[in-house]
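Asks: can't give you the sequence, but here's the structure:
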């Protein structure tokens, strides 16, 4: 059983408390909303957050009351965002940046006048430094600068931002120099004169090298890591310099090859238009000497070029051209010797051009340069019963090459190994027609094993008349191929 | 009464059986086709020109298929000439001399479908398909880089090197097959599926004759293609009649039941001339006789022993009256006929192949003794189909080897037994061979002398020789080809897989055929000109 005296005391205390509470309720109900807000704010800012709750709960305006009562949840949310942001590893800078933005937005939405713990904001500064460094490392300099600005606006400035700022400044200095080198390269490409162009390329390469040096100095000064933006920038510049050098060397090489090609073209040049078939012996010699002079000019240019760029015009190329020159000299010597027999030549008929042909090779500048030979051209108008042409072949001993005369129409073609004196010797000396009748197809008249049959290296063509006086065709030397038949 | 009933029952059964057999006979019996009949010992093994075929199959291709260019017989000279076939025109690019433009004729396949450039492109792809193991692949690939259809009627052929027309056209004689068959696309791998296999035995071509019927072991018949682009064949039909025995074949010919005999013996000539009304076409074929030596036989394992055998035989003296007559026989001394260069490169003045064998009776006897062959006995087999001439050749060889101190027993066997023992089991000492079906350059010699060659019955297995044969097969420049051919000649002679004998002029007998001209191993080149009638 309880003591009746104690029971009285408890009852008295309860009544007192009830009275006090009743008085407090009466007091709050008499306060204005502004007073209630301020009283709550004072309690919150005095770090007695729960003491603020009765004041804010007594606010009559529902929106105001909700605004302040939500502070508890918002403060908890900020704590959570803060903790979540700090939990993101620095290797995931995009997530860090996103978390920081979320925190800033939540922070700005927190009711004004209410204080939050000072370390809540400041604690995120290392995170912002990580984000700024990551952007710099990725060479996103503008983005890095904007982010630092945003962080400073929220957190206030700090020496912590100095390292990324210094790298950004260094990057910008190198970039400015790089742009100058780029311009030097672009200008070089526009130069027309070859040597000046190559010199301009050299200038651009030098400019890039200087930028590389400047970049290396910056890297050394800042102690930038191997995977930093500055290191990446240095590698890019080095690559550019390499590419410019490759391009320049290609230009030089192409130039060198072009000499060979031009000489090859000149070697195979044929007289134009109706000169073919209308050239006298002296004209032929003159024509070939003209080729010789043109080749010599090209050759001297090439030699000069080779002295300037010794790695491009190598010994092999000089040797090839020398061989070609020698072949031309031999050709001219042979022609000159022939021309000395002018009376004989005059009796041979018209000269097919080029006068001396070898194995047909359609690809100018190909590896088989020594074999290059274009067809000898025959063209004219028949007067009388036949037309007579002659030419020379150069076929290596033991090569079973075939010579084929092809006309554009069906006129009969005969081929002889010696001068027929306009046909007069054919019957008298029983000269054999060398055309292989069994292999004659269409308007093609083949002489098999021409290298052996044309012992003096000369061929004599007789074109028999038909209804049409005009004729045109060519003489070609082909490799001999097998034919399987059954 | 019981006896009477039994008799009635027996009669009824007999009548029933007779009726049953008669019915079966009428159902199963296929009357022999009529037409120009060619008696041959073997029927084609396939009619797909892309794949490897036997000699008859190769010949029959000529009836069914065409190339862009066909070889034809020049009626005046009797020599082979190339003529545009499926190609309307073939034009060389004057600048490169490697590119040829081909326009096709307006030609229909036997099934009515129009020939297109896609068919030509497909055909080339089929020849190039490694799975087909086409004998023409290496040759074509060495010449041709690509075949591309431009549109329905036109295509571009890119050769690997500049080539004059007279060299290019023969290359373009490869047979064109359809890209579609029975309404479906054929696969380039012509061994792949059922459709492709059907094509090999029931082909569709553009040639002068259409396959009509194929009775296994009996005949293959063809009927004239009325829309053939040259002209409708003069004969309505042509039959390849299988008659294995040469005596029966000759008897059928004498009885005028067959019109043409392609496989003949020089010994028959006199008898045939007496028959009267017989046309005889004679030519030197791309073929030869030799005696295969089984290198797996203990006595012949050493190349020196095989070489001693080859040295001991003088081919010209084997059959007096035939092999010693220069107008009939060409004596050979190696794997190639001795006129190989002279026949193919007459204009090139090429030194002939060397005769490598020791000469003189004493030297031969010494070689035989050194090889341990003296006093030994060996069997020389030859097949029935070689007939009396085979007997004479075998006996002639036996006599010569006898003089050198080697006893040889001549054994004549049935063709099937010969095939089984020599080609199948390779259980023989010496075997007389008639090697035919070659082109002018004997390209198929690879089959005889490669380690895994389908006709290598000699036991040769030399990887270096295999490599040289492959190189030879892919070589197309004349000078190079001649050089490698010389190497092959020397190398094969050193291995001495066979006793070289001779090539003999071949007689082809025909009767009841007009306009027949046969000048090569391919008898059907101008078969569309043949007509029933004549002598």
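Replies: Perfect, I can see it now. Fair warning: this is a prediction, and the values are worked out from it, not measured in the lab.
Asks: hmm, which helix or strand of chain A has the shakiest average pLDDT?
Replies: helix A:4-30 (a mean of 62; mean pLDDT, DSSP states H and E).
Asks: Quick check: buried residues in the next helix or strand after that helix?
Replies: Per DSSP states H and E, helix A:4-30 leads on to helix A:33-45 as the next helix or strand towards the C-terminus. Neighbour-count burial for helix A:33-45, counted by 16 or more other Cβ atoms under 10 Å in any protein chain shown, picks out A:36-37, A:39-41, A:43-44. Yep, even glycine has a C-beta here, placed from its N, CA and C like the rest.
Asks: would you turn those into a markdown table with distance to residue B:196?
Replies: Shown next, in a markdown table, are these (distance: Cβ to Cβ, whole Å):
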| residue | distance to residue B:196 |
| --- | --- |
| A:36 | 98 |
| A:37 | 95 |
| A:39 | 100 |
| A:40 | 94 |
| A:41 | 94 |
| A:43 | 97 |
| A:44 | 92 |
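Asks: what's the closest of these to chain B?
Replies: Chain B lies nearest to residue A:44 out of the buried residues of helix A:33-45, by Cβ to the nearest Cβ, at 86.2 Å.
Asks: Now find how far off-centre stretch A:407-419 is within its chain.
Replies: Relative to its chain's centre, stretch A:407-419 lies at 54 Å (Cα atoms, centre = their mean, to the nearest Å).
Asks: touching chain B at all, it?
Replies: No - judged by Cβ under 8 Å from any Cβ of the partner chain, stretch A:407-419 and chain B are separated, with a smallest distance of 9.9 Å.
Asks: burial of residue B:40, as a residue count?
Replies: 25 (other Cβ atoms under 10 Å in any protein chain shown).
Asks: show me what contacts residue 470?
Replies: Assuming you mean chain A. Listed by Cβ atoms under 8 Å, 6 or more residues apart in numbering or on different chains, the contact set of residue A:470 reads A:380-382.
Asks: Let me rephrase: I mean chain B.
Replies: Contacts of residue B:470 by Cβ under 8 Å, 6+ apart are B:138, B:446.
Asks: For it, what are phi and psi?
Replies: phi -60, psi -40 (degrees, to the nearest 10).
Asks: Starting from residue B:464, give me the distance back to it.
Replies: Between residue B:470 and residue B:464 the computed distance is 11 Å (Cβ to Cβ, to the nearest Å).
Asks: can you check residue B:527 too?
Replies: Where residue B:464 is concerned, residue B:527 sits at a distance of 43 Å (Cβ to Cβ).
Asks: Compare those two and say which is more crowded by neighbours.
Replies: Taking other Cβ under 10 Å, residue B:527 and residue B:464 do not tie; residue B:527 has more neighbours (25 against 8).
Asks: From what I see, that one and residue B:240 are in contact.
Replies: No - shown here, residue B:527 and residue B:240 do not form a contact pair, counting by Cβ atoms under 8 Å, at 11.3 Å.
Asks: For the stretch 351-486 of chain A, just list every one of the helices.
Replies: Remark: helices assigned in the stretch 351-486 of chain A by DSSP state H, counting those that start in this stretch are A:424-428, A:450-453.
Asks: got it, and the stretch 351-500 of chain B?
Replies: Using DSSP H, counting those that start in this stretch, helices in the stretch 351-500 of chain B cover B:361-370, B:387-403, B:415-418, B:445-449, B:463-473, B:478-495.
Asks: Next up, the contacts around residue B:473.
Replies: Going by Cβ under 8 Å, 6+ apart, residue B:473 touches B:138-139, B:443, B:446.
Asks: Count residues in the vicinity of the closest residue to chain B within the stretch 301-450 of chain A, would you?
Replies: Closest to chain B within the stretch 301-450 of chain A is residue A:448: 3.8 Å, counting by Cβ to the nearest Cβ. Residues lying near residue A:448 (other Cβ under 10 Å) number 23.
Asks: Apart from its chain neighbours, what residue comes closest to it?
Replies: Using Cβ to Cβ, 6 or more residues apart in numbering or on different chains and skipping residues adjacent in sequence, the residue nearest residue A:448 is residue B:347, 3.8 Å away.
Asks: ok so, going back, I figured the residue of the stretch 301-450 of chain A closest to chain B was touching residue B:348, is that so?
Replies: Yes - using Cβ under 8 Å, residue A:448 is in contact with residue B:348, at 6.7 Å.
Asks: Kindly calculate the angle that the helix or strand containing residue B:249 makes with helix B:387-403.
Replies: If you go by DSSP H and E, residue B:249 is part of helix B:246-254. Per axes from the mean of the first three to the mean of the last three Cα atoms, to 10 degrees, the angle that helix B:246-254 makes with helix B:387-403 is 140 degrees.
Asks: Would you mark the buried spots in helix B:246-254?
Replies: Within helix B:246-254, the residues that count as buried by 16+ other Cβ under 10 Å are B:246, B:249-250, B:252-254.
Asks: what's the answer for stretch A:467-480, then?
Replies: For stretch A:467-480, burial by neighbour count (16+ other Cβ under 10 Å) applies to A:471, A:473-480.
Asks: same thing with stretch A:204-213?
Replies: Neighbour-count burial for stretch A:204-213, counted by 16+ other Cβ under 10 Å, picks out A:204-205, A:207-208, A:211-212.
Asks: now the contacts of residue B:473 as TSV including neighbour count?
Replies: Converted to TSV, those look like this (neighbours: other Cβ atoms under 10 Å in any protein chain shown):
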residue	neighbour count
B:138	17
B:139	23
B:443	19
B:446	20
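Asks: farthest-separated two in the residues you listed?
Replies: Spanning the widest gap among the contacts of residue B:473 are B:139 and B:446, at 11.0 Å by Cβ to Cβ.
Asks: how's chain A carved up into domains?
Replies: A:73-157, A:173-259, A:273-478 (automatic domain parsing).
Asks: Mean pLDDT and distance to residue B:402 added to these, as TSV?
Replies: As requested, those are exported to TSV (pLDDT from 0 to 100; distance: least, Cβ to Cβ, whole Å):
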stretch	mean pLDDT	distance to residue B:402
domain A:73-157	92	97
domain A:173-259	92	73
domain A:273-478	84	45
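Asks: where does the stretch 251-400 of chain B come near chain A, residue by residue?
Replies: B:286, B:344-345, B:347-349.
Asks: Now, of the residues you listed, which are buried?
Replies: The neighbour count (16+ other Cβ under 10 Å) marks B:286, B:344-345, B:347-348 as buried among those.
Asks: now residue A:380: how far from residue A:288?
Replies: Residue A:380 sits 21 Å away from residue A:288, going by Cβ to Cβ.
Asks: When those two are compared, which one has more neighbours?
Replies: More neighbours surround residue A:288 than the other of residue A:380 and residue A:288, with 22 against 19 (other Cβ under 10 Å).
Asks: Just confirm the more buried one is within a helix.
Replies: Yes - checked against DSSP: H, G, I helix; E, B strand; the rest coil, residue A:288 lies within a helix.
Asks: That one: what's its closest spatial neighbour, skipping adjacent residues?
Replies: residue A:332 (5.1 Å).
Asks: wait, the one you found sits on residue A:295?
Replies: No - assessed by Cβ under 8 Å, residue A:332 is found out of contact with residue A:295, at 10.7 Å.
Asks: And the two? Which one has more around it.
Replies: With neighbours defined as other Cβ under 10 Å, residue A:332 and residue A:295 compare such that residue A:295 has more, 23 against 18.
Asks: Okay, buried residues for whatever helix or strand the more buried one lives in please.
Replies: Element membership for residue A:295 (DSSP H and E) is helix A:281-308. Using 16+ other Cβ under 10 Å as the test for burial, helix A:281-308 gives A:281, A:284-285, A:287-288, A:291-292, A:294-295, A:298-299, A:302, A:305-306.
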